[in-house]
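In: Need coordinates for the following:
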Amino acid sequence: RKEYVDLYVNYIFNKSVQKPFEDFMQGFLRGCPARYWKMFFPEELQDFLQGYTTFDWHLLEKNVVYRQYNKIDETIRNFWTVFHKLPEEKKKMFLAFLSGSDRIAGYGPECFRFCIADPQVENPDEVCPYASTCYFILFLPR
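Out: Residues are numbered from 1 along each chain as shown. A predicted model of the protein is given here:
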């Protein structure tokens, strides 16, 4: 029985995924040669490929660029007051709304920038906030 279990476990965890893994690795190395990623520690490579999942939300606020707004405008102050009171999961949902992902990829949270812009509509009470995920712009009506 032990031999059967050992063979079965080996098949499930090694043999059955060997060919798909080799194909994946070949494609991965073609797009990202080993000389570029071998300099990373495993944790750094994971953050680079998967994105950061923990955030300093106040740093995010500090890195925002404003268009047609100043950071002292009432709309902006109200936005950040409400935002910082949200639970962590809702903040990540906002990040997904803004950028299309609940993670920050690339160089890390300290380099992530987004913009809050006034859509300058005639009746702002009739317009919901919306985002341009490609450009990381939150259009926030007054």
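In: for the protein, which helix is longest?
Out: Selection of the longest helix in the chain by residue count, based on DSSP state H, yields helix 16-31.
In: which residues are contacting the helix or strand that it is followed by?
Out: Proceeding C-terminally, helix 16-31 gives way to helix 34-37 as the next helix or strand, assigned by DSSP states H and E. Where contact means Cβ atoms under 8 Å, 6 or more residues apart in numbering, the residues beyond helix 34-37 that reach it are L45. Where you see a C-beta, it was placed from the backbone N, CA and C, and this is true even at glycine.
In: Need the pLDDT of the residue nearest the centre of the chain.
Out: With distances taken as Cα atoms, centre = their mean, the residue of the chain nearest its centroid is R103 (2.0 Å). Here the pLDDT value assigned to R103 is 82.
In: what's near enough to touch the closest residue to it other than its chain neighbours?
Out: Of all residues not flanking R103 in the chain, G51 sits nearest, at 3.0 Å (Cβ to Cβ, 6 or more residues apart in numbering). Residues in contact with G51, defined by Cβ under 8 Å, 6+ apart, are S101, R103, I104, A105, G106.
In: got those residues as CSV, with distance to W57 columns?
Out: CSV is the format used below for the contacts of G51 (distance: Cβ to Cβ, whole Å):
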residue, distance to W57
S101, 16
R103, 14
I104, 11
A105, 17
G106, 18
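In: Out of these, name the ones that lie in strands.
Out: Assignment to strands by DSSP state E places none of those there.
In: By neighbours, which of the residues you listed wins?
Out: The residue in the contacts of G51 with the most neighbours, by other Cβ atoms under 10 Å, is I104 (20 neighbours).
In: Could you check how far that residue is from H58?
Out: Using Cβ to Cβ, to the nearest Å, one obtains 14 Å as the distance from I104 to H58.
In: Repeat that for V121.
Out: Here V121 is placed at a distance of 30 Å from H58 (Cβ to Cβ).
In: Give me the pLDDT value at Y107.
Out: The pLDDT attached to Y107 in the predicted structure is 68.
In: same deal with E44?
Out: In this prediction, E44 carries a pLDDT score of 78.
In: ok, it - how many residues close by?
Out: E44 is flanked by 11 other residues according to other Cβ under 10 Å.
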